[in-house]
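Visitor: sequence and predicted structure below; questions after.
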Amino acid sequence: MRQLVMMVFLGLGCLGLAQAETCPDLLNFSAQKLHSKETVEFCQAYQGKVILAVNTASQCGFTPQFKGLEALYQKYKGHNFVILGFPSADFHQEFADEQKTSEVCYYNYGVTFPMFKASAVRGDDANVFFKKLAKQSGTTPKWNFYKYLIDTQGKVVASFASPTTPEDQELNQKIESLLK
């Protein structure tokens with residue numbers, strides 16, 4: 001019996017190692033949730049999902065896109081899709097106070113998709129996730145609400161400029177094709 005338990009334990013350990021080895025490099029990242037002490041391990045939480053990563057700002061002309069992003073998330077979240085929001089003050093339109101940022105996201109716009117603590121999304125100070133997005137796509141965010149669409153293998157398949165709304169037909173078609 002003891003040998004059987006040991007074999008099961010070792011087998012599960014190898015399974016965990018195999019999963020870690022297959023996690024796309026892009027998702028080897030962790031981030032603290034917005035206005036929370038919870039840290040999310042991206043490999044654990046988002047591996048195998050279609051991801052739309054968006055750098056956001058609370059005081060931008062594009063901030064109303066939160067409403068459309070939330071509708072997009074609700075439309076596809078049951079189909080292996082997630083939106084990841086990254087507040088950033090890189091364009092000087094994000095509050096320094098995390099409480100104010102969370103109020104805009106959660107209370108003003110009813111955001112339920114994962115939002116993370118504010119961080120840089122371009123330049124030398126960019127968080128590792130956005131550095132990897134820039135390297136894969138060949139582009140950094142030009143402004144707030146820049147969007148990267150990532151397939152289930154952790155590869156950036158498209159990027160969309162800030163004026164591209166969550167309702168955009170091309171964006172939705174690309175998401176739907178990745179979910180098939």
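Guide: Looks like it came in fine. Numbering: from 1, shown residues only.

Visitor: per-residue confidence for G16?
Guide: Looking at G16, its pLDDT reads 46.

Visitor: ugh, wrong one, I meant T140
Guide: T140 is given a pLDDT of 97.

Visitor: repeat for L10
Guide: 45.

Visitor: so where's this structure uncertain?
Guide: Applying pLDDT under 70 to the chain flags residues 1-21.

Visitor: helices of that one, start to end?
Guide: 2-22, 42-46, 65-76, 98-102, 128-137, 169-179 (DSSP state H).

Visitor: kindly export the third one (C-alpha atoms) in PDB.
Guide: In other words, helix 65-76. Taking C-alpha atoms only, helix 65-76 is exported to PDB below (Å, rounded to 0.1, in the frame of the first residue of the first chain):
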ATOM      1  CA  GLN A  65     -14.600  51.000 -23.300                       C
ATOM      2  CA  PHE A  66     -14.800  49.300 -19.900                       C
ATOM      3  CA  LYS A  67     -18.500  48.900 -20.600                       C
ATOM      4  CA  GLY A  68     -17.900  47.100 -23.900                       C
ATOM      5  CA  LEU A  69     -15.100  45.100 -22.500                       C
ATOM      6  CA  GLU A  70     -17.300  43.800 -19.700                       C
ATOM      7  CA  ALA A  71     -20.100  42.900 -22.300                       C
ATOM      8  CA  LEU A  72     -17.500  41.100 -24.400                       C
ATOM      9  CA  TYR A  73     -16.300  39.200 -21.300                       C
ATOM     10  CA  GLN A  74     -19.800  38.200 -20.400                       C
ATOM     11  CA  LYS A  75     -20.500  37.100 -23.900                       C
ATOM     12  CA  TYR A  76     -17.500  34.700 -24.200                       C
END
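
Visitor: the inter-axis angle of that helix versus helix 169-179?
Guide: 30 degrees (axes from the mean of the first three to the mean of the last three Cα atoms, to 10 degrees).

Visitor: what does helix 65-76 contact?
Guide: Identification of contacts with helix 65-76 by Cβ atoms under 8 Å, 6 or more residues apart in numbering yields 50, 52, 54, 56, 81-83, 85, 104-105, 108-113, 145, 165-167, 172, 175, 179. The way it works is simple: take the backbone N, C-alpha and C, and place the C-beta from them, glycine included.
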